[in-house]
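[1] just need the structure, nothing else, for what follows:
(one chain, ligands or ions: 2)
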Amino acid sequence: MQDTQPKTIYLKDYRVPDYLVDTTDLWFELDPKATLVKSRLKVRRNQAAGVGLPPLLLDGVELELLSVTLDGILLSPAGYREFPEGLSIPVDRAEFLLEIQNRINPEDNTSLEGLYLSNGMYCTQCEAEGFRKITFYPDRPDVMSKFTTTIVAPTDHPVLLSNGNEIERGNYGADRQFVTWEDPFAKPAYLFALVAGDLEQVEDSFMTVSGRTVKLQIFTETKNVGKCDHAMRSLKSAMRWDEEVYGREYDLDIFMVVAVDHFNMGAMENKGLNIFNSACVLASPETATDSAFQRIESIVGHEYFHNWSGNRVTCRDWFQLSLKEGFTVFRDAEFSADLNSRAVKRIEDVSLLRTNQFSEDAGPMAHSIRPDSYMEISNFYTLTIYEKGAEVVRMIHTLLGEKGFRKGSDLYFKRHDGCAVTCEDFVKAMEDANQVSLTQFRRWYSQVGTPVLDVKDHFDETQGVYQLTVRQSCPLSEKQEENLPLHIPFRVGMLDSTGKEISLNEQGLTETILHVNGTEQIFEFFGLKEKPLPSLLRGFSAPVKVHYSYSNEQLLFLIRNDTDTFNRWEASQRLALNSLAELQEAYRKGEPLQLRSELIDAYRGVLKDRGLDPALSAEILQLPSEQFVAEESVFIDSEATVVALEFARKAIAEELADEFIRCYCELNSQKSYSPDAKDIAERRLKNICLSYLCATETQEALDMAQNQFDSASNMTDSAAALTALINYAGDSQAENSIAQFYTRWQEDAQVIELWLSQQSCSPKRGTLKNIRALIEHPAFEMTNPNKVRSVIGGFANRNFKQFHKNDGSGFEFVADQVIALDKLNPQIAARMVIPITRWRKYTGAHAEEMQMALQKVADSHVLSKDLFEVVSKSLG
Ligand code: ARG
Ligand code: ZN
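    Ligands and ions are numbered 1, 2, ... in the order given. Modelled structure (predicted):
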C-alpha cells in the first residue's frame, strides 16, 4: 500500500480553536483554470484556549498561495510556513487583520469538493472540509464567522449567488460584472456556498407565521425550468411543517435552491443557498418516478430543516455529525410520514436500515453514531450516522412522548442558538426540559453494533400469568472490549386466539413500552385467560434484532390480525425469510425445491383483501431482497440465495397468476398523474402485480408489459414496464425497448440515470459484458457521480446475481473501476469499494476472490485518504 499513512484523528484530542474569525470578506474573480480568491479575516485570539500567542494555523489544500498580509504589512515568505495541508503564521498580537490571496483551478477539480465546474456552471461543496480547497482558513465548524462575498464573473455567467442577502451589484470593467452578498448569521465555513452560471429561475414566495414574506427561488438550466414545481411545493410544505411541528420560522428574506448535475451526495444545506444534486430536485410526471417524487420531497425537507438543526445550532466538531444529521433525518422522516402514508414510510426506512445499516454495523467500517476516530470524515457520512442516528432520536421521542420531545427541542434551540455544540448538549436539553435521566440511554451514542433481544415466553395457566423473558446482547466488534446494556424502548402488544387485542392493564391499554435496560429481565402480565400471541417491537421501536421463535402459522396469523401495520409487514418478511431458508437448504442438499404454502396463502389473502391499504399490500407482497437475506445469514451462500429467490418469485407468480391479473386490471386506470399517497400506492401495487406476472414469462404477461410500456403517460408506469421487459422478455424484445427508451429520453439526464441503473441492476441484462458496454456508452461519464452510482453502484449493490458470480469477475471489475475513480473523485471511489469489503461474510473461494480484488486496489497506487481508510480497515 503506502509508506506514509494518513493520520487518525481522535475525539479525545479535541481542543477549542486557538483563534476565532469574527468576519470573513471574500472576493472571487472567476476563471475556469485560474480563479483568484482574496480573503480578509478579522482574527482574534480565543481567550478560552489559554494564554500566550501560538502561531495561527490555517487549513489549505491544493491552493496556489500568492500573498499574505498582516495588518496591512505584506509578509515575506520567511514570515510564514507553508506545508502540504496548510499554513502556519507566527503572530505577535491578539487581534489582527489577515489578508490572503490565492489561486485555484475549478476546471480540473474533479473531486467535486471546494469550487468546481459542472456543465459550465461554478458551484461549491464545502461540507465537511471543502472550504480549505478554496482558501486558507481555520476550516472547522466551531469557528463561526460573518461572511461577505463578492463574485466577479464574465457576463456569460449572469447569475452570481452566495449566502445571505444581495447588497450590491454592478459592472466590473468592460466585460465583467460583480455581485456582493452578506450573510447576517455567523456560520462555519462548511456552510459557505457560491454559484455562478447562466441559469434560469422559478420564483415563488412564502409568508411566515409572523407575517414576513420570504422570496423562494429555484435555479436551474433553462431546459429544466419545467421540472421545479414539485420541489417548490415541497419547500413550502416543509416551511409550514417546521413552524407547526417545531415552532421554527425561517430567518432570512430569501431562500435559494440550485440544481447541479455533478454532485457527490444528495444535497447541501448552505445558509440561504441550498445546492442540490439535480436528481434530488428536478421532476415532472413524464420524467420522474413516484419514488423520485417522494425522494425530492424528503430531501427538500431535510435540507430546509437543517436551517435550524445544523445551521442555527451547528456541530462543535465532526465527531458530532449525527447531532445534525440524525436529528434532521428524524425530522424529515416525520415530515414525509405526515404528508404521505406513515406506515409505508416506516417500512421503507426500516428496510433500508436493516439491509444496509445493520451490515455496516457488522462490517469493517463499523462505528458508533458518535465515532471516536476517523481518518477521512467524508467516509463517515454513513447510514449509521444518518439512519441509526435518526432511530436514536426517535427513541428519545418515544421515551418522552410528543409533548416532552417538543419541550426538549425548544430548549435545545433556545439554549444553543448561534453555537457549535455536541450530542451531549442535545441529550442534556432533552433531560433538563423533562426532568428525566437519560444516563443509560447515552450509551447509544458511543456503542457500536446492532443489539439483539432474545425473547422467550411462558404462560402459567393456573395463575393466568404471562411472562416475557428478554435477554439483550450485542455482538462485539474488534475495536470494542465491552458492550454495556442499553436502555431499549420495547413496544409490545398481544393478540388472543380470535385475533383480538388483549388489554394489558386496568385502563384497557392494548400496547405498552417495556423498558429493557438489563441483561436479562422478566416482564409479567396478569389476568390472562389463555396464552397470548405477542406482537413484538411494534413500529420498530428500537434499532435492534428480535429473536423469538414464531411458527409459520403464528406469522400467518399476525399478517392477518395484528393491528400494528408495521408488524403485519414484519410477519410477512419473517415468513418469507423462513421459506427462503428452507429453499436454500433443499438446494444445498440437492433436493427438489418446494415453496411452503403459508407464504402463498398469506399473499393470496392480501390480494383478496379489498379493505387492505394498497400501500401495505404492495409492501407485504414484496419478497425480501437478496441483500436482506444475506444480512440475515451468518455466512452467505450467494448461489443458493439467488436460486431460492428466483424459485420463490416464480412459484408465487404461477400459483397466484389469476389474482395478480385481476388486481392489475382493476388498478390499471387511465386517470391523470398525481404524486399523492393513494395514487402512488395503487401504481406500486399494480406494478408489483405486473412484475410477478412477467416472472411467469408467458406471452400474455409480456404483452401486458409491452402494452403498458407503449402507452404509459407517466414515468412510474413506463419504467416499471421497462424493468419487467428487461428482466423477463426475450433478447430482441428487451433490446428494442431499451433502445426505444434511450432514443426518446437521451436529452434528459435524470431519465438516463434511471435507464442506466435499470440495466445494471437487472439479474438478466446486467451481465458483466453488458456493464462494460454501458461504461463505454456515450451516456456514461466517469466524472459524474450519478452515472457512476447508476452503473457501477447498481451492479455492485443491487445486482446480487451478476456481481456475485462465482468466478470473481464482478469483484475484479469493481476493483478496476475503483482504482480509476480514485484519481478523479476519492469520495466516490471510497463508496464504490464498499461491496467488496464485506468479504468476511462469505466463505471459501468466494471470500478469497473478494479479498484478492480488495488487495488489487490496495496495491494499485498511492491511495487517496478516503479510499485508504476503507481498504486498510477492511483488509486489516
Ligand atoms: N449535509 C449534507 C446533508 O444534508 C450532506 C453533505 C455531505 N458532504 C460530504 N462531503 N459527504 O446530508
Ligand atoms: Zn443532512
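
[2] contact residues of the stretch 351-500 of the chain facing ligand 1?
    Contact residues (C-beta under 6 Å from any ligand atom) of the stretch 351-500 of the chain with ligand 1: 378, 381. Heads up, the C-betas are built off the backbone N, CA and C, glycines and all.

[3] which residues of the stretch 351-500 of the chain fall in helices?
    358-361, 383, 389-416, 423-434, 443-446 (DSSP state H, counting those that start in this stretch).

[4] nearest to residue 851, of those?
    Residue 851 lies closest, by C-beta to C-beta, to one member of those: helix 358-361, at 17.2 Å.

[5] let me see the contact set for residue 185.
    Neighbour list for residue 185: 146, 164, 251, 252, 271, 311, 312, 418 [criterion: C-beta atoms under 8 Å, 6 or more residues apart in numbering].

[6] for the residues you listed, pick the one with the most neighbours.
    When neighbours are counted by other C-beta atoms under 10 Å, residue 271 leads those with 26 neighbours.

[7] in CSV: the contacts of residue 185, plus secondary structure and pLDDT.
    Below are the contacts of residue 185 laid out as CSV (DSSP: H, G, I helix; E, B strand; the rest coil; pLDDT from 0 to 100):
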residue, secondary structure, pLDDT
146, strand, 99
164, coil, 98
251, coil, 98
252, coil, 98
271, coil, 98
311, coil, 99
312, coil, 98
418, coil, 98
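
[8] quick check, nearest of those to ligand 1?
    Nearest to ligand 1, judged by C-beta to the nearest ligand atom, of the contacts of residue 185 is residue 311 at 10.2 Å.

[9] shouldn't that closest one be in contact with residue 191?
    Yes - between residue 311 and residue 191 a contact is recorded at 6.0 Å, counting by C-beta atoms under 8 Å.

[10] from the chain's centroid, how far away is stretch 753-773?
    Counting by C-alpha atoms, centre = their mean, to the nearest Å, stretch 753-773 is centred 23 Å from the centre of its parent chain.

[11] adding mean neighbour count, mean pLDDT and distance to ligand 2, write the helices of the stretch 351-500 of the chain out as CSV.
    As requested, those are exported to CSV (neighbours: other C-beta atoms under 10 Å; pLDDT from 0 to 100; distance: least, C-beta to the ion, whole Å):
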stretch, mean neighbour count, mean pLDDT, distance to ligand 2
helix 358-361, 22, 97, 17
helix 383, 19, 98, 13
helix 389-416, 19, 99, 10
helix 423-434, 20, 99, 15
helix 443-446, 20, 98, 18
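
[12] Serialize those to a markdown table and add fields for distance to residue 876.
    Formatted as a markdown table, the helices of the stretch 351-500 of the chain follow (distance: least, C-beta to C-beta, whole Å):
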| stretch | distance to residue 876 |
| --- | --- |
| helix 358-361 | 17 |
| helix 383 | 22 |
| helix 389-416 | 26 |
| helix 423-434 | 28 |
| helix 443-446 | 22 |
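
[13] any regions of the stretch 1-150 of the chain where pLDDT drops low?
    1-3 (pLDDT under 70).

[14] give me the residue from it nearest ligand 2.
    residue 127 (8.7 Å; C-beta to the ion).

[15] what parts of the stretch 501-650 of the chain come near ligand 1?
    So the stretch 501-650 of the chain never meets ligand 1 (C-beta under 6 Å from any ligand atom).

[16] all the helices of the stretch 501-650 of the chain, residue numbers only.
    Going by DSSP H, counting those that start in this stretch, the stretch 501-650 of the chain shows helices at 552-561, 565-589, 597-608, 614-620, 626-632, 638-655.

[17] wait, which of those is closest to residue 773?
    helix 638-655 (22.6 Å).

[18] dump that closest one to PDB, keeping only the CA atoms.
    Provided in PDB are the C-alpha atoms of helix 638-655 (Å, rounded to 0.1, in the frame of the first residue of the first chain):
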ATOM      1  CA  SER A 638     -24.700 -16.400  -2.700                       C
ATOM      2  CA  GLU A 639     -25.700 -19.000  -5.200                       C
ATOM      3  CA  ALA A 640     -28.300 -20.600  -3.000                       C
ATOM      4  CA  THR A 641     -29.700 -17.100  -2.200                       C
ATOM      5  CA  VAL A 642     -30.200 -16.300  -5.800                       C
ATOM      6  CA  VAL A 643     -31.700 -19.700  -6.600                       C
ATOM      7  CA  ALA A 644     -34.100 -19.600  -3.700                       C
ATOM      8  CA  LEU A 645     -35.400 -16.100  -4.600                       C
ATOM      9  CA  GLU A 646     -35.800 -16.900  -8.200                       C
ATOM     10  CA  PHE A 647     -37.700 -20.000  -7.400                       C
ATOM     11  CA  ALA A 648     -39.900 -18.400  -4.900                       C
ATOM     12  CA  ARG A 649     -40.800 -15.500  -7.200                       C
ATOM     13  CA  LYS A 650     -41.700 -17.800 -10.000                       C
ATOM     14  CA  ALA A 651     -43.700 -20.200  -7.700                       C
ATOM     15  CA  ILE A 652     -45.700 -17.300  -6.300                       C
ATOM     16  CA  ALA A 653     -46.300 -15.900  -9.800                       C
ATOM     17  CA  GLU A 654     -47.600 -19.200 -11.100                       C
ATOM     18  CA  GLU A 655     -49.800 -20.000  -8.100                       C
END
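
[19] residues touching the spatially closest residue to residue 518 that is not a sequence neighbour, list them.
    Spatial nearest neighbour of residue 518, chain neighbours left out: residue 485 (5.6 Å); criterion: C-beta to C-beta, 6 or more residues apart in numbering. By C-beta under 8 Å, 6+ apart, residue 485 lies in contact with 440, 472, 517, 518, 519.

[20] now the buried members of those residues.
    residue 472 (16 or more other C-beta atoms under 10 Å).

[21] quick one: neighbours of the residue in the stretch 701-850 of the chain that ligand 2 sits nearest to, just the number.
    Going by C-beta to the ion, ligand 2 is nearest to residue 827 of the stretch 701-850 of the chain, at 15.6 Å. Around residue 827 there are 23 other residues, counting by other C-beta under 10 Å.

[22] what sits against it?
    Neighbouring residues of residue 827 by C-beta under 8 Å, 6+ apart: 111, 112, 113, 264, 378, 866.

[23] let's see it at 10 Å
    Residue 827 is in contact with 111-113, 125, 264-265, 376, 378-379, 381, 785, 821, 864, 866-867, counting by C-beta atoms under 10 Å, 6 or more residues apart in numbering.

[24] residues in contact with residue 754?
    279, 287-289, 292, 715, 718-719, 722-723, 741, 745, 748, 790.

[25] of those residues, which belong to helices?
    Among the contacts of residue 754, the residues falling in helices (DSSP state H) are 292, 715, 718, 719, 722, 723, 741, 745.

[26] how much space separates residue 868 from residue 816?
    Per C-beta to C-beta, to the nearest Å, residue 868 is found 18 Å from residue 816.

[27] neighbour count: these two, which is higher?
    Between residue 868 and residue 816, counted using other C-beta under 10 Å, the more crowded position is residue 868 (23 against 14).

[28] looks like residue 441 contacts residue 431 (just checking).
    Yes - with contact defined as C-beta atoms under 10 Å, residue 441 reaches residue 431; the gap is 9.3 Å.
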